[in-house]
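# Give me the fold of what follows.
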Amino acid sequence: MIKFLSKIHSTKLPNPNLAEKLMCTLSVGYDLSNKDLKKCQKIWQQCNNDRSIVLKEIISLCGNIDTPQTRYLKAKSWAWNKVEYCDYAIESLEYYLNNPLYEETYTYKTHNLNDSIQNKKNRHLYEMNRYLAQAYEKKQNFEKALEVYNNCFKYDDMSTPNIYLDLANIYRKMNQLNQSINILEKAKKTKYYKGQFKQVIDIKYADYIKKIGNNYVYRLRENGKEKEHENIF
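Alright, predicted model coming up:
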């Protein structure tokens with residue numbers, strides 16, 4: 001069993017179904033019975049209404065059970081937790097993606113019930129891969145983050161605009177602003193370049209041009225915060 005599974009110890013009996021219900025309370029529009037809601041509210045109180053502690057409790061409730069459901073819950077819980085847990089997020093997300101997926105989470109628990117199973121699966125793969133890319137980004141492993149973000153293009157056409165912005169931001173952190181601009185220029189040539197996406201692209205594009213003029217430098221995180229510098233004359 002991979003190492004992250006041993007990071008949360010619990011004397012409680014595993015209860016993956018309760019873990020999944022608890023995960024639901026972290027999202028908007030969840031649908032739980034009054035009985036389940038009361039159970040989850042009690043856990044939140046025991047966790048001092050601390051989101052990070054609740055996420056660890058979800059992992060604890062999964063125990064050492066190794067199923068698509070528990071792999072999914074652990075991966076998402078680590079991904080949603082603080083930046084200090086990015087190593088566990090990477091490990092658990094890769095473990096989840098390299099094993100059979102939790103089909104129920106994208107087959108039945110989606111808003112668009114008329115969408116095809118393959119489209120739902122692709123959207124789920126996009127979501128989990130983007131979490132993985134974000135975890136690599138938090139770890140400052142930008143080359144790997146670029147690789148995974150690029151991998152997201154093949155999964156969800158609806159979410160493609162976000163990937164251009166993600167890639168441009170990674171190149172900014174690598175102090176390759178010309179590459180950031182190249183990515184946004186590619187985005188301008190796509191069918192998505194309209195409406196709100198056009199506005200965001202134009203704002204980012206202008207910002208990166210300004211940063212180049214101001215000799216912008218991105219420095220790695222220190223004490224959990226990004227360090228940036230611009231020489232403004």
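# Does the helix or strand where Gln196 lies pack against any helices or strands, and if so which?
Assigned by DSSP states H and E, Gln196 falls within helix 195-213. On a contact count with 3 or more CB pairs under 8 Å, 6 or more residues apart in numbering; DSSP states H and E, helix 195-213 meets helix 160-173, helix 177-188. Placement of C-beta: from N, CA and C, glycine included.
# Residues contacting the shortest one, please?
Residues outside helix 177-188 that contact it (CB atoms under 8 Å, 6 or more residues apart in numbering) are 161, 164-165, 167-169, 171-172, 193, 197, 201, 204-205, 208-209, 211-212, 216.
# Give me the nearest residue to Met97, chain neighbours excluded.
No Met there; residue 97 is Leu. Excluding its sequence neighbours, the residue lying closest to Leu97 (CB to CB, 6 or more residues apart in numbering) is Met128, at 6.0 Å.
# pLDDT (mean, whole number) over the helix ranked longest in the chain?
Using DSSP state H to define each element, the chain has its longest helix at helix 117-138. The average of the pLDDT scores along helix 117-138 is 95.
# try stretch 59-79
On average, stretch 59-79 scores 98.
# Now that stretch: buried residues?
59-63, 65, 69-79 (16 or more other CB atoms under 10 Å).
# just to revisit the earlier point, could the helices and strands packed on helix 195-213 go into a markdown table alongside mean neighbour count, mean pLDDT and distance to Arg123?
A markdown table is the format used below for the helices and strands packed on helix 195-213 (neighbours: other CB atoms under 10 Å; pLDDT from 0 to 100; distance: least, CB to CB, whole Å):
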| stretch | mean neighbour count | mean pLDDT | distance to Arg123 |
| --- | --- | --- | --- |
| helix 160-173 | 20 | 96 | 12 |
| helix 177-188 | 18 | 97 | 20 |
